[in-house]
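Colleague: just coords:
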């Protein structure tokens, strides 16, 4: 697996994460994406959750 840049931004502020948390977030998101049909987990993954 290639190295990925993992970041979480809330209200324009980046959330500090140690290597363990970065790996955890990466593995959880990749696991979700791999379970979806017609997705490319090797590409860039962007998830945004905002107010309606």
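Modeller: Everything's here; your move. Note that the structure is a prediction, hence the values are computed from the model and not measured.
Colleague: Just give me the neighbour total for the spatially closest residue to residue 8 that is not a sequence neighbour.
Modeller: Nearest residue to residue 8, sequence neighbours excluded (Cβ to Cβ, 6 or more residues apart in numbering): residue 15, at 4.3 Å. Yep, even glycine has a C-beta here, placed from its N, CA and C like the rest. A count of neighbours around residue 15, defined by other Cβ atoms under 10 Å, yields 10.
Colleague: which residues touch residue 15?
Modeller: For residue 15, the contact set (Cβ atoms under 8 Å, 6 or more residues apart in numbering) comprises 7, 8, 9.
Colleague: just the helices in this structure please.
Modeller: Ranges of helices in the chain, per DSSP state H, are 19-35.
Colleague: circling back to that earlier point, what about the residue nearest to residue 8, distance to residue 7?
Modeller: 8 Å (Cβ to Cβ, to the nearest Å).
Colleague: just to revisit the earlier point, so of the contacts of residue 15, which ones are in strands?
Modeller: Within the contacts of residue 15, residues falling in strands by DSSP state E are residue 9.
Colleague: Can you say which of the contacts of residue 15 are buried?
Modeller: For these, a burial check counting by 16 or more other Cβ atoms under 10 Å picks out nothing.
Colleague: Dump the contacts of residue 15 to a markdown table, plus pLDDT and distance to residue 36.
Modeller: A markdown table is the format used below for the contacts of residue 15 (pLDDT from 0 to 100; distance: Cβ to Cβ, whole Å):
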| residue | pLDDT | distance to residue 36 |
| --- | --- | --- |
| 7 | 96 | 22 |
| 8 | 96 | 21 |
| 9 | 96 | 23 |
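Colleague: could the contacts of residue 15 be laid out in JSON lines, adding distance to residue 22?
Modeller: What follows is those, written out as JSON lines (distance: Cβ to Cβ, whole Å):
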{"residue": "7", "distance to residue 22": "8"}
{"residue": "8", "distance to residue 22": "9"}
{"residue": "9", "distance to residue 22": "14"}
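Colleague: Where does pLDDT dip in the chain?
Modeller: For the chain, residues meeting the criterion pLDDT under 70 lie at 1-2.
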